[in-house]
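# When you get a sec, could you give me coordinates for this:
(one chain, ligands or ions: 2)
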Amino acid sequence: MGKVDEPVRTGTTGGLDHLELFRRMLRIRRYQLRIETEYHEDQMKTPVHLCLGQEAVAVGVTAVLTREDYVVSNHRSHGHYLAKGGDLEALTAELFNRETGCSKGRGGSMHVVDPKVSHLGSSSIVGGGIPIGTGHALASRMKGDGRITAVFFGDGAADEGVLYESVNFAMLRRLPVIYVLENNQYSVCSPIARRQAGPSLFHQAPSDKLLTAQVDGNKLLDVLAAAEKAADRARRGEGPSFIECVTYRWRGHAGAGSDVHLGYRPVEEIQCAIDHCPVAELAQRLEAEGRLTPSIQAAMEQEIDREIDQAFLLAKAAPLPRPEDLGLYLYKE
Ligand SMILES: Cc1ncc(C[n+]2csc(CCOP(=O)(O)OP(=O)(O)O)c2C)c(N)n1
Ligand SMILES: [Mg+2]
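Ligands and ions are numbered 1, 2, ... in the order given. Model (predicted):
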């Protein structure tokens, strides 16, 4: 089993280590870049949706969760899974559809799960995770197990009616859930301005029923601050929150590499997002505080790359599921 990230804090205030959060963002960044390099070899038979440029959202939100708190993710799943502490080796094996994968090779990139760290899975059905996460929060409330749930979804999912039903129900029952709208401003090739009439209506909800925030999703500390408030509120039993993290997807919707040739967004827009890189933004802050130097970063990168090398090596050598076993695991007893 690969190395598992522990939660940085356990639901009490303070104790956040920003350097450790930087390492997590860097790890997700370098992992995505490696997938991108390897994807062209066509050994990974799964579609992939890279989260390059969106690392601060996954890391900032999961930093305030305990290992027992739940995460429900979507098709752009890698960052959420790794930030929650999911096993990197098992994720890599899943990308190669191996028996050792986190979904035993049957799921691929869009269906990743790691119950050991309460990552309950991702769904390829846009918006599909929203009611599932709401249900987990309801279960926690009924059992009184003290767990909270964070649900990640995109602006495309926010176009769907299920979000209204879910948030309304969570408000009504004061469920311990954080809805994290990862607004990267596109649903495949459709810009948000062509799909939504204005800012999300949830920002106008009564504040005692729904805590809402819109933050710069490329600034780790801004995401963290909003997530912290939301988690504290959920733990106090005061109900749900809705955090919109405005960010940007650097690469094409699916697969590896740039999609500028499709012509649906200007090159300058992509460049502007890259100029506001979330990893570089945090690096600059930490450098100014004297906590990060180029050599510290280089050492982190080396260690991360070693871990990634090992994961890819193991994944490629692992067995595929046997054809006679393909009917296994379809139903849970
Ligand atoms: C119910 C449903 N409708 C449409 C699709 C096709 N589809 C896959 S991803 C996607 C875009 C989702 O956009 P968003 O929620 O903003 O997430 P992002 O890809 O930007 O991270 C669409 C329309 C789908 N998988 N499921
Ligand atoms: Mg989107």
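# For the closest residue to Ile274 other than its chain neighbours, the count of nearby residues, please.
In this structure, Ile274 finds its nearest non-sequential neighbour in Trp250, 6.2 Å apart by C-beta to C-beta, 6 or more residues apart in numbering. (Each C-beta comes from the backbone N, C-alpha and C, glycine too.) Neighbourhood size, Trp250 [other C-beta atoms under 10 Å]: 18.
# Please work out which residues outside stretch 43-54 touch it.
Applying C-beta atoms under 8 Å, 6 or more residues apart in numbering, the contact partners of stretch 43-54 are 28-29, 32-33, 35-36, 38-39, 58, 75-79, 94-97, 108-110, 182, 184, 217-218, 247-251, 253-256, 273-274, 277-278, 316.
# got the end-to-end distance for it?
End-to-end distance for stretch 43-54, by C-alpha to C-alpha, to the nearest Å: 25 Å.
# Next, the buried residues of it.
Applying a neighbour-count criterion of 16 or more other C-beta atoms under 10 Å, one finds 44, 46, 48-54 buried in stretch 43-54.
# got the buried residues for the longest helix belonging to the chain?
Looking across the chain with DSSP state H, the single longest helix is helix 294-317. Buried positions in helix 294-317, judged by neighbour count with 16+ other C-beta under 10 Å: 297, 300, 304, 307-308, 311-312, 314-315.
# do stretch 184-198 as well
Applying a neighbour-count criterion of 16+ other C-beta under 10 Å, one finds 184-187, 192 buried in stretch 184-198.
# Just the buried residues out of the contacts of stretch 43-54, in ChimeraX syntax.
What follows is the ChimeraX syntax for the buried subset of those, where burial is set by 16+ other C-beta under 10 Å:
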select :28,29,32,35,36,38,39,58,75,76,77,78,79,94,95,96,97,108,109,110,182,184,217,218,247,248,249,250,251,253,256,273,277,278
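# Among the contacts of stretch 43-54, which ones lie close to ligand 1?
When contact is defined as C-beta under 6 Å from any ligand atom, these meet ligand 1 at 75-76, 184, 249, 253.
# out of those, which one sits closest to Lys229?
Asn184 (22.7 Å; C-beta to C-beta).
# returning to what we had before: would you mind writing the CA trace of the longest helix of the chain as CSV?
This file holds the C-alpha atoms of helix 294-317, laid out as CSV (Å, rounded to 0.1, in the frame of the first residue of the first chain):
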residue,chain,number,x,y,z
PRO,A,294,14.2,26.6,-3.9
SER,A,295,16.2,23.8,-2.3
ILE,A,296,13.4,22.8,0.0
GLN,A,297,11.0,22.7,-2.9
ALA,A,298,13.5,20.7,-5.0
ALA,A,299,13.8,18.1,-2.2
MET,A,300,10.0,17.9,-2.0
GLU,A,301,9.8,17.4,-5.7
GLN,A,302,12.4,14.6,-5.6
GLU,A,303,10.6,12.7,-2.9
ILE,A,304,7.2,13.1,-4.7
ASP,A,305,8.7,12.0,-8.0
ARG,A,306,10.2,8.9,-6.4
GLU,A,307,6.8,8.0,-5.0
ILE,A,308,5.1,8.6,-8.4
ASP,A,309,7.8,6.6,-10.2
GLN,A,310,7.3,3.6,-7.9
ALA,A,311,3.5,3.8,-8.3
PHE,A,312,3.7,3.8,-12.1
LEU,A,313,6.2,1.0,-12.1
LEU,A,314,4.0,-1.2,-9.8
ALA,A,315,0.8,-0.3,-11.7
LYS,A,316,2.2,-1.4,-15.0
ALA,A,317,3.5,-4.6,-13.6
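# on that earlier part again, among the contacts of stretch 43-54, which lie within strands?
If you go by DSSP state E, the contacts of stretch 43-54 have Glu182 in strands.
# Return only those of the contacts of stretch 43-54 found close to ligand 2.
Subset of those in contact with ligand 2: Asn184, counting by C-beta under 5 Å from the ion.
# Next step: the contacts of stretch 43-54 restricted to helices.
Among these, DSSP H puts 28-29, 32-33, 35-36, 38-39, 58, 78-79, 94-95, 273-274, 278, 316 in helices.
# coming back round to it: Gly290: which of the buried residues of stretch 184-198 is nearest?
Closest to Gly290, out of all of the buried residues of stretch 184-198 and judged by C-beta to C-beta, is Asn184, at 32.7 Å.
# At the contact with ligand 1, which residues of this structure appear?
Counting by C-beta under 6 Å from any ligand atom, the chain sits next to ligand 1 at 49, 75-76, 124-126, 154-157, 184, 186-188, 249, 253.
# tell me the contacts of Phe96?
Applying C-beta under 8 Å, 6+ apart to Phe96 gives the contacts 43-45, 105, 315-316, 318.
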